[in-house]
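Participant: Just to be clear, the model below is a prediction. Sequence and coordinates:
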Number of protein chains: 2
Amino acid sequence: MSAISERRERERAQRHQLIVTAARELAEAEGWEAVTTRRLAERVEYSQPVLYSHFTGKDDIMRAVAIEGFGELATRLRRARLTDPAPPAALHAVCRAYLEFATEQPALYQAMFMLPTDVKFAHAETPPPLRAAFDEFVSCFHPDNQRRELFAEVTWSALHGIAALTESGRIPPNGQAERLDFLVTQIAAPPRPGV
Amino acid sequence: MSAISERRERERAQRHQLIVTAARELAEAEGWEAVTTRRLAERVEYSQPVLYSHFTGKDDIMRAVAIEGFGELATRLRRARLTDPAPPAALHAVCRAYLEFATEQPALYQAMFMLPTDVKFAHAETPPPLRAAFDEFVSCFHPDNQRRELFAEVTWSALHGIAALTESGRIPPNGQAERLDFLVTQIAAPPRPGV
DNA sequence: GGCCTGATCCTAGCAGCGCTAGACATGCTG
DNA sequence: CAGCATGTCTAGCGCTGCTAGGATCAGGCC
C-alpha cells in the first residue's frame, strides 16, 4: 500500500462523510422528500454518479445517516442516565433525553425510526450503537428484574409513539411534559391489580 | 335536478368509491410505494386524468382511504370495549383490538397513522370517526378521572409505538401479547411513587 | 522521458413518477 | 337538428432514482 493510495483512500473517506453530512443537513433543513440525488450531488460539488461510487443508492445514504444517529443517541441517553443514576430518576432522564433528541433533529429521527429501512433491529447484525442505545433503557431497571428487556422494549415503544405522533402533527406538541411524567410514573409503578 | 343527472351523480359516487377501494387493495397487496396513479387508473379501467376529476391528487386519495379506516377502527374498538365493559378488561380488549387492526391491515394503518397527512387530529376539523375512535380509549377510564384524556393519549401513543415499530421490523413480531399485558397493567395501575 | 494502464469523473440518457393542457367524442337541451 | 356541455383520452412537462459510455488524468514501467 503506497502513500499515494493511502492518500486517495483518505480523500475517499472524507468525501464519504461529506455526502452523509450533506444529506443530513439537507434533510434537516427541508425534509427528506427534498433530498434528491441531484440536489445532493450539487451540494457536495460532484456529479450525480459519484454518489453511486460510495453508496448503492439513496437508501444506502439514508442508512448511513441513521447509523450515525444511533451513535449520537446512545451517548446522549448514557449521559442522561449517569446524571442521576437512581432507577426512577434515571428512567425519567433517559426518556426525556430520548424525546428531546427526536424533537431537536426530526429528520434524523425519521431516518432512524420511521422511514423504511433494512437495518436489523434486535438481531445478530444489529449495529452496536443501536444496541447500546437500547441498553440504556434496559439499564434503567434493576438488574434482578427478570423482565427488564420487556420493560425497556415497551418503554421505548411508548416513547416512539409519542415522538412519531407529535412529529407528524397527530398529537399537539403541548403537554409533552405531562405525557412523559405520566408514562414514566406508570412504567415504574410496581405491578399489581387495580383500575 | 333531473333523473339523468341523479344517475350520473350516482355513477360518479360509485366510481369515487371504486378508486378508494382499488387504492386500498393495491396498497395492502403491494405496499403504498406500488400505488402509482398509472397503475391505479389501469386497475379501475379509466385513464389517469379521471382520478383528478375526483381527487386533487394522490395525497387526496390516500386521505380518503385513511378516513375510511378511521370509521372501521372506531367500530372495532367500540365492539371490543362493549364486549367486556368493566374498566380494566375493557382497556385490555380495546388495546388488543387496536393492535389487531394494525397488524391485519398494515397499509391501511400506515395511511391513517404513519404516512404524512393533512388530516387534523385533536382539532375542530377532526373527522368524527377519528374522534370517535379516540373516545373509545377515553371511555376505558373512569368518568371522574380528571386526566382520562391524558391517559387515553398516552395509551394510544404507546400502542402506536408498538404497532409502528413492529410493522417496520424494528421490534420482532413475537411477544406482542406480553407487551400488551405489561402495557395495560402499568397504565391501569394506581399511580404512586415506586420503582 | 514517453507510453500504457487503470482509476476517476462527467455528460447524456432511460424508465418511471405526479400531474395537466388540449383535442376529441358523446349525449342532453333548446 | 344545431349547439352546447360534459366527460374522457392522448400526449407531454418537469421531476425522480439510477446507469451506460466516453473523456480525462495520474501512476507505474520500460
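Facilitator: Perfect, thanks for sending it.
Participant: Kindly provide the distance from the closest residue to DNA strand C within chain A to A:Leu18.
Facilitator: Of all residues in chain A, A:Ser47 sits closest to DNA strand C, at 3.2 Å by C-beta to the nearest atom of the strand. Any C-beta I mention is one placed from the backbone N, CA and C, and that applies to glycine too. Going from A:Ser47 to A:Leu18 by C-beta to C-beta, to the nearest Å gives 14 Å.
Participant: Can you pick out the residue with more neighbours from these two?
Facilitator: A:Leu18 (15 against 10; other C-beta atoms under 10 Å in any protein chain shown).
Participant: Isn't the more buried one up against A:Glu45?
Facilitator: No. If you go by C-beta atoms under 8 Å, A:Leu18 and A:Glu45 don't touch, sitting 9.1 Å apart.
Participant: which residue ranges form the strands in chain A?
Facilitator: Here chain A has no strands by DSSP state E.
Participant: Quick one: mean pLDDT for the longest helix anywhere in chain A?
Facilitator: Longest helix in chain A by number of residues, with DSSP state H as the criterion: helix A:3-30. For helix A:3-30, the mean pLDDT works out to 87.
Participant: Against which helices or strands is that helix packed?
Facilitator: Judged by 3 or more C-beta pairs under 8 Å, 6 or more residues apart in numbering or on different chains; DSSP states H and E, the packing partners of helix A:3-30 are helix A:37-44, helix A:48-54, helix A:58-83, helix A:106-113.
Participant: Show me which positions of the first one end up buried.
Facilitator: Of the residues in helix A:37-44, those buried by neighbour count under the rule 16 or more other C-beta atoms under 10 Å in any protein chain shown are A:37, A:40-41, A:43-44.
Participant: does DNA strand C sit close to that helix?
Facilitator: No. Counting by C-beta under 7 Å from any atom of the strand, DNA strand C is not contacted by helix A:37-44; separation bottoms out at 7.5 Å.
Participant: relative orientation of that helix and helix A:58-83 in degrees?
Facilitator: Angle of helix A:37-44 versus helix A:58-83, following axes from the mean of the first three to the mean of the last three C-alpha atoms, to 10 degrees, is 60 degrees.
Participant: How far does helix A:37-44 sit from its chain's centre?
Facilitator: Here helix A:37-44 is found 24 Å from its chain centre; the criterion is C-alpha atoms, centre = their mean, to the nearest Å.
Participant: relative orientation of the least confident helix or strand in chain A by mean pLDDT and helix A:106-113 in degrees?
Facilitator: Least confident helix or strand of chain A, by mean pLDDT, DSSP states H and E, is helix A:3-30 with a mean of 87. Angle, helix A:3-30 to helix A:106-113, by the same axes, to 10 degrees: 110 degrees.
Participant: can you give me the offset of helix A:3-30 from its chain's centre?
Facilitator: 20 Å.
Participant: same thing with stretch A:48-62?
Facilitator: 21 Å.
Participant: That stretch and chain B, are they touching?
Facilitator: No. Stretch A:48-62 lies apart from chain B when judged by C-beta under 8 Å from any C-beta of the partner chain; the minimum separation is 11.8 Å.
Participant: and what of stretch A:169-187?
Facilitator: Yes. With C-beta under 8 Å from any C-beta as the measure, stretch A:169-187 is seen reaching chain B through A:169-172, A:175, A:178-179, A:182-183, A:185-187.
Participant: List the buried residues for that stretch?
Facilitator: A:169-171, A:176, A:179-187.
Participant: closest to chain B among the buried residues of helix A:37-44?
Facilitator: A:Thr37 (17.2 Å; C-beta to the nearest C-beta).
Participant: Does the closest one touch A:Leu51 like I think?
Facilitator: Yes. Between A:Thr37 and A:Leu51 there is a contact at 5.8 Å, judged by C-beta under 8 Å.
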